[in-house]
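Participant: Using only what follows, build the 3D model:
(4 chains)
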There are 2 protein chains.
Amino acid sequence: MLKQSDPLDVLFAALADPSRRSMIDRLSRGSASMSELAAPLDMSLPAVQQHLNVLAASGIVSTKKIGRVRSCSLEPEVLNQAQRWIAERRQIWADRLDRLGMFLQEPESQGENR
Amino acid sequence: MLKQSDPLDVLFAALADPSRRSMIDRLSRGSASMSELAAPLDMSLPAVQQHLNVLAASGIVSTKKIGRVRSCSLEPEVLNQAQRWIAERRQIWADRLDRLGMFLQEPESQGENR
DNA sequence: GCAATACTTAAGCACATGCTTAAGCAATCG
DNA sequence: CGATTGCTTAAGCATGTGCTTAAGTATTGC
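Facilitator: Modelled structure (predicted):
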């Protein structure tokens, strides 16, 4: 009852499944109904809906029911957050290597690494 | 027995846990031993090692045992693959919107979206 | 209205994940 | 050499995930 998790947990977990990534792939080419998403997926429709729920919970896709059809579309801004987290860590790493390089060139600096 | 999974499954799954992300965070600032990684983490050392195994299996970190200390360091190239997957999908989406824009401006094209 | 369509809900089950504790083992240190 | 340090292995367990089938509920077409 008391397990409120980081949005990034949910986001990366959503991306960790191949069926869900293929759904994102499909949606990146344009919005689709549930059964259109299900068609290539060799699993039951309830299973697809559960994957869709995971994607919706992460914010990666939004859905809207029109008549009896649920139309799903991608929210690329949310993907951006995942991308940004990764980019930041890679940047920190790169900066550190730069500083390390300077240290090796200019021995008056001190206390690098660890 | 025949469940060989996409590297991206493993990669994104590795990123989906907050403890593991904080380990990556730590390692982006420089390499560390297992107990240095464990120190801020309020869990047993075996638990930390299991997280480390997940990170190592994904390729995000590499480790090397020197004496009785295992030194861990980040492999940022692997993170790059995750970043690339996301960037590609966002690009496809953006391209599609561009084409859609052109379609709206130049009505001689046909068959966009649905 | 009646049937087909397009989802939706619910229950259940196999397996994976994220911990734990208890033992172990190899590399220093005194 | 014997004790401490730093990691490693193994087992067990609670909870979560990814499906399934069966039985709904609205919409829409005839």
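Participant: What's the biggest helix in chain A, counting residues?
Facilitator: Longest helix of chain A, by residue count under DSSP state H: helix A:76-105.
Participant: and the gap between whatever residue of chain A ends up closest to DNA strand D and A:Ser33?
Facilitator: Using Cβ to the nearest atom of the strand, the single residue of chain A nearest to DNA strand D is A:Gly67, 2.3 Å away. (Each C-beta comes from the backbone N, C-alpha and C, glycine too.) A:Gly67 sits 11 Å away from A:Ser33, going by Cβ to Cβ, to the nearest Å.
Participant: Compare these two and say which is more crowded by neighbours.
Facilitator: In terms of neighbours (other Cβ atoms under 10 Å in any protein chain shown), A:Ser33 is the more surrounded of A:Gly67 and A:Ser33; the figures are 16 against 6.
Participant: so A:Leu11, which of the three states?
Facilitator: Following DSSP: H, G, I helix; E, B strand; the rest coil, the label given to A:Leu11 is helix.
Participant: so it touches A:Gly59, yeah?
Facilitator: Yes: using Cβ atoms under 8 Å, A:Leu11 is in contact with A:Gly59, at 7.4 Å.
Participant: what do those two both touch?
Facilitator: Common contact partners of A:Leu11 and A:Gly59 (Cβ atoms under 8 Å, 6 or more residues apart in numbering or on different chains): A:Val78.
Participant: who's more crowded, those two?
Facilitator: Taking other Cβ under 10 Å, A:Leu11 and A:Gly59 do not tie; A:Leu11 has more neighbours (23 against 16).
Participant: Could you pull up the contacting residues of the more buried one?
Facilitator: With contact taken as Cβ under 8 Å, 6+ apart, A:Leu11 is in contact with A:Ser58, A:Gly59, A:Ile60, A:Val78, A:Gln81, A:Ala82.
Participant: Could you do A:Ala56 as well?
Facilitator: Neighbouring residues of A:Ala56 by Cβ under 8 Å, 6+ apart: A:Ser62, A:Thr63.
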